[in-house]
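K.L.:
structure of the sequence below:
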Amino acid sequence: MGASMLSDLGAEILIPVCAVVGIAFSLVQWVLVSKVKLSPGRDSGSSGNNGAAGKNGYADYLIEEEEGLNDHNVVLKCAEIQSAISEGATSFLFTEYQYVGIFMVAFAILIFVFLGSVEGFSTESQPCTYDQSKICKPALATAAFSTISFLLGAVTSVVSGFLGMKIATYANARTTLEARKGVGKAFITAFRSGAVMGFLLAANGLLVLYIAINLFKLYYGDDWGGLFEAITGYGLGGSSMALFGRVGGGIYTKAADVGADLVGKVERNIPEDDPRNPAVIADNVGDNVGDIAGMGSDLFGSYAESSCAALVVASISSFGINHELTPMLYPLIISSVGIIVCLITTLFATDFFEIKAVKEIEPSLKRQLIISTILMTVGIGIVSWVALPSSFTIFNFGDQKEVKNWQLFLCVAVGLWAGLIIGFVTEYYTSNAYSPVQDVADSCRTGAATNVIFGLALGYKSCIIPIFAIAVSIFVSFSFAAMYGIAVAALGMLSTIATGLAIDAYGPISDNAGGIAEMAGMSHRIRERTDALDAAGNTTAAIGKGFAIGSAALVSLALFGAFVSRAAISTVDVLTPKVFIGLLVGAMLPYWFSAMTMKSVGSAALKMVEEVRRQFNTIPGLMEGTAKPDYATCVKISTDASIKEMIPPGALVMLTPLIVGIFFGVETLSGVLAGSLVSGVQIAISASNTGGAWDNAKKYIEAGASEHARALGPKGSDPHKAAVIGDTIGDPLKDTSGPSLNILIKLMAVESLVFAPFFATHGGLLFKIF
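P.N.:
A predicted model of the protein is given here:
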């Protein structure tokens, strides 16, 4: 078998060092962003007494294009809007976390009670699950440690989302001010802030998981099977918080967005983010709580789960049986190298190449994905050569399968490149530089109905290549290394998570920057620059969602495999009625879940539209711009609606595995998991891409960059109104239902895995009675 070249001590040093480097890098980026000042004048004393000195104090770093505007007022206005957005986002997240905190404690108690009852709460050591000749720690210990790791994952997830939101609201106005110096400066500010979030999240997730493993090892000693079974709670905690963050944030942001668009743009014909629109602050707050805090928690959840799935399978393979620490930590070493690779990649965007023109923005972001993938392939090759023995065995449904280290390298690489392919296909279908979105825009000539038909068709069609990419990576990785191969393929897809998140967070930050420019009354040229940043951000956000969905499919399949092994199911036979009814019900769940989230957005938007109309009709001087709208009421509508409406979809996802496992047993549950995975992935891809395409078709008409686009425009024309309607329909699809579905499929799988010992001993009550 041979040993790995990297010593155990080397692995134990490498992982925390990479994590700390990642955290340090994000802090450096944050310091660079904070150099953009949000207070007018470097020396407020001199600028107060002497206008000229103040102006000169500025001259070097505010090469002001619009002479007509007083700099001080613009900077003060931006600072004021930024603090309003930041306050709104912080207060919403605190309210959300209070509710989620209650759930967290309740669910932690549930985990402890269910898993403790497997052996009747005994404290005696038990024969091991996979090797009856050895003695392992009691089930009560697994219950206690699973509960602790669940809470750790939940807290890390919440902190990741919250920090991301704080950074984004810190950077949005700074991006607006930098846009006055040119599009390149604004791009770097927005991208750096995205990088702060990406690196903090990737490094924190890795560090907390690594520390947890080492602390648990003090108790478990040589019982690695029990240790890594308890660690799966970390993934469950991360994803359950992500579900509430995604659904709650998604409902918040889209209620505000739909309300602002329908009344402001369609009825009152005022531009997007116009300060006269009462829902405009709520809309900008929503970008931060949905797209940033939700996305952060979501990708953290995927990362935690793919690591847990790989570790669980490895612990019952030769790595775990022979106690080889370095190969056992292979999943964490991949993530560590990923942080270093992403660090080098980020420098390409911020330091090595400078953006001079608008058309360079999107290629620069795409370059990030390509560079990180190429470098990471080399990184994985080195890690697989150094950290793995030349051959070893992997647990494969009861047998041990012999695997070579180059085969495992291929598994990770195939996941990594499948991620890139999914990203680029998503981009082709959602960017207005290509024909699919231009066709959708063209269909607006005959009204909203044809726009909707074309958009839906585009979304369905965009599933084809991503599904083949996922299918090929599953086949290759399973053929080489069974379920462990699929788990590391998912990790490969997520290994460049820091870059992926930086690109993702960049979108909402640019979107906010555009809103602030509009509200602060800056010139048309500034708004054009922020719009260009935002349009590129929209496409990259779609790419990010593609990654999240692809990795979710692989992660949930790997977790499914671990669940089937843990629940001691020899085969999942579709022809048995128990399994087949599970398949049908599982395939229905994503539809039920989408129905709940869509309707929640609809009913919240309805209240928002009524409120915005009421203010336009009853506040005298609002349309003329002499009176201020009541922003707070709209923020409150969004907050109340999202808190109330996030509970039912969350309960559906969290309770389904418990109910099915307890009453119908593990075979039916395996059917439910397979069904929800198969249908959830398709709906998620089509919903995200349909919404993204409608949004960019609208932007294509608004920008009027080509002859074709000018023929459809300008803003306010009939084709433009049809495009706005399409965009409004797509909002809940791309930002609420679509992205939440990937959490649904992962979360049900990881929850089933955590509760597998309980379901295997006490489950299937109905079939036992009848």
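
K.L.:
mind checking the SS state of Phe395?
P.N.:
What DSSP: H, G, I helix; E, B strand; the rest coil gives for Phe395 is strand.

K.L.:
tell me the contacts of it?
P.N.:
130, 313, 316-317, 401, 482-484, 565 (Cβ atoms under 8 Å, 6 or more residues apart in numbering). Using the backbone N, CA and C atoms, a C-beta is placed for each residue, glycine as well.

K.L.:
go again using 7 Å as the cut-off
P.N.:
313, 316-317, 565 (Cβ atoms under 7 Å, 6 or more residues apart in numbering).

K.L.:
among the residues you listed, which two are most distant?
P.N.:
Ser317 and Ser565 (10.9 Å; Cβ to Cβ).

K.L.:
on that earlier part again, filter the contacts of Phe395 down to just the ones in helices.
P.N.:
313, 565 (DSSP state H).

K.L.:
export the contacts of Phe395 to JSON lines and tack on pLDDT, distance to Leu410 and neighbour count?
P.N.:
JSON lines is the format used below for the contacts of Phe395 (pLDDT from 0 to 100; distance: Cβ to Cβ, whole Å; neighbours: other Cβ atoms under 10 Å):
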{"residue": "Val313", "pLDDT": "89", "distance to Leu410": "17", "neighbour count": "29"}
{"residue": "Ile316", "pLDDT": "86", "distance to Leu410": "22", "neighbour count": "24"}
{"residue": "Ser317", "pLDDT": "89", "distance to Leu410": "17", "neighbour count": "24"}
{"residue": "Ser565", "pLDDT": "85", "distance to Leu410": "23", "neighbour count": "22"}
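
K.L.:
make a markdown table out of the contacts of Phe395 and add distance to Gly521.
P.N.:
Below are the contacts of Phe395 laid out as a markdown table (distance: Cβ to Cβ, whole Å):
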| residue | distance to Gly521 |
| --- | --- |
| Val313 | 58 |
| Ile316 | 64 |
| Ser317 | 63 |
| Ser565 | 62 |
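
K.L.:
quick one: buried residues of stretch 597-604?
P.N.:
Neighbour-count burial for stretch 597-604, with 16 or more other Cβ atoms under 10 Å as criterion, is recorded at 597-598, 600-601, 604.

K.L.:
what do you get for stretch 265-280?
P.N.:
Buried residues in stretch 265-280 (16+ other Cβ under 10 Å): 265, 268, 270, 272-280.

K.L.:
centroid residue for this structure?
P.N.:
Centroid-nearest residue in the chain, with Cα atoms, centre = their mean: Met295, separated by 2.9 Å.

K.L.:
if I look at the nearest residue to it once chain neighbours are set aside, how far off is Ala19?
P.N.:
Taking Cβ to Cβ, 6 or more residues apart in numbering, and ignoring the residues beside it in sequence, Met295 has Asp504 as its nearest neighbour in space, at 5.7 Å. Using Cβ to Cβ, to the nearest Å, one obtains 21 Å as the distance from Asp504 to Ala19.

K.L.:
mind listing the strands for the stretch 51-200 of the chain?
P.N.:
Counting by DSSP state E, counting those that start in this stretch, the stretch 51-200 of the chain has strands at residues 126-127, 135-136.

K.L.:
just say which of the ones you listed is most tucked in.
P.N.:
strand 135-136 (a mean of 18; mean count of other Cβ atoms under 10 Å).

K.L.:
partner strands of that one, parallel or antiparallel?
P.N.:
Sheet pairing for strand 135-136, assigned by DSSP bridges, gives strand 126-127 (antiparallel).

K.L.:
and the strand it pairs with, how far from the chain's centre?
P.N.:
When C-alpha coordinates are averaged (Cα atoms, centre = their mean, to the nearest Å), strand 126-127 and its chain have centres 40 Å apart.
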